[in-house]
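J.: make a model of this:
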Amino acid sequence: MVKPQNRCTWAQGPEMIKYHDSEWGIPVHNDKKLFEMLILEGAQAGLSWSTILKRRKTYRAAFDNFDPKKISKYTQKDIARLLSDEGIIRNRLKIKSTVNNAKQFLLIQQEFDSFDRYIWDFVQDMPIKNNFKDMSDVPPSTILSDMISKDLKKRGFSFVGTTIVYAFMQAVGMTNDHIKNCFKH
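T.: I've put the predicted structure just below:
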């Protein structure tokens, strides 16, 4: 008999367990994946992560597999198409933000050679490993997420508040917030 793994308490249900075990907190250095996670974390604002995770496949289809070059060229016709797509969160501000953020993302790639180089420099290319005992100890934001959020906003990004940025940092492994008794800690 296989002993069940200890996991972070938020990992409930097959989809969330799979995400927890195979993605959350694992360092990501692929620009396309970083862009996807930044957009999905922004789409999640005000909703549960499981809501977005269930729609990730349709988000990928709706947003050209999160290709920032293609998304940056979206027109009003594309926005209208997305607003009628029941597979995504049909919020005009979030959709327009995705188009805008694609443009800003490309500018960062030009300036730093990659978004990866830009974003990981905030943690000197080393994930921050926290030692929280309970999920209730995990903060919604930090001084570092405040700083990154401020810099992204200065560069023209939207839907990148400090809480969204901290969730992004957790998702892409810039910070490891798996609780102490989690097998992924």
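J.: okay, now Y74: neighbour count?
T.: A count of nearby residues for Y74, using other Cβ atoms under 10 Å, gives 20. For glycine as for every other residue, the C-beta is placed from the backbone atoms N, C-alpha and C.
J.: er, Q76 actually
T.: Residues contacting Q76 under the criterion other Cβ under 10 Å number 8.
J.: ok, now D113?
T.: Neighbours of D113 under the rule other Cβ under 10 Å: 11.
J.: same check on I95?
T.: 23.
J.: so which strand or helix has it?
T.: Element membership of I95, judged by DSSP states H and E, is helix 92-112.
J.: what helices or strands is that helix leaning on?
T.: Under the contact criterion of 3 or more Cβ pairs under 8 Å, 6 or more residues apart in numbering; DSSP states H and E, helix 92-112 touches helix 31-44, helix 68-71, helix 76-83, helix 115-120.
J.: again, only using 10 Å
T.: Contact here means 3 or more Cβ pairs under 10 Å, 6 or more residues apart in numbering; DSSP states H and E; on that basis helix 92-112 packs against helix 31-44, helix 49-62, helix 68-71, helix 76-83, helix 115-120, helix 143-154.
J.: nearest to I17, out of these?
T.: When the helices and strands packed on helix 92-112 are ranked by proximity to I17, the top entry is helix 49-62, at 11.0 Å, counting by Cβ to Cβ.
J.: what lies in contact with that closest one?
T.: Outside of helix 49-62, the residues within contact range by Cβ atoms under 10 Å, 6 or more residues apart in numbering are 10, 12-13, 15-16, 18-19, 23-24, 36, 39-45, 47-48, 65-67, 78, 81-82, 85-89, 95, 98, 167, 171.
J.: for it, which positions count as buried?
T.: 49, 52-53, 55-56, 59-60, 62 (16 or more other Cβ atoms under 10 Å).
J.: where does the chain dip in pLDDT?
T.: Applying pLDDT under 70 to the predicted model, the residue ranges of the chain that meet it are 1-4.
J.: quick revisit: tell me which of the helices and strands packed on helix 92-112 lies nearest to M135.
T.: Among those, helix 49-62 comes nearest to M135, with 12.9 Å by Cβ to Cβ.
J.: A helix includes I179, no?
T.: No - using DSSP: H, G, I helix; E, B strand; the rest coil, the secondary structure at I179 is coil, not a helix.
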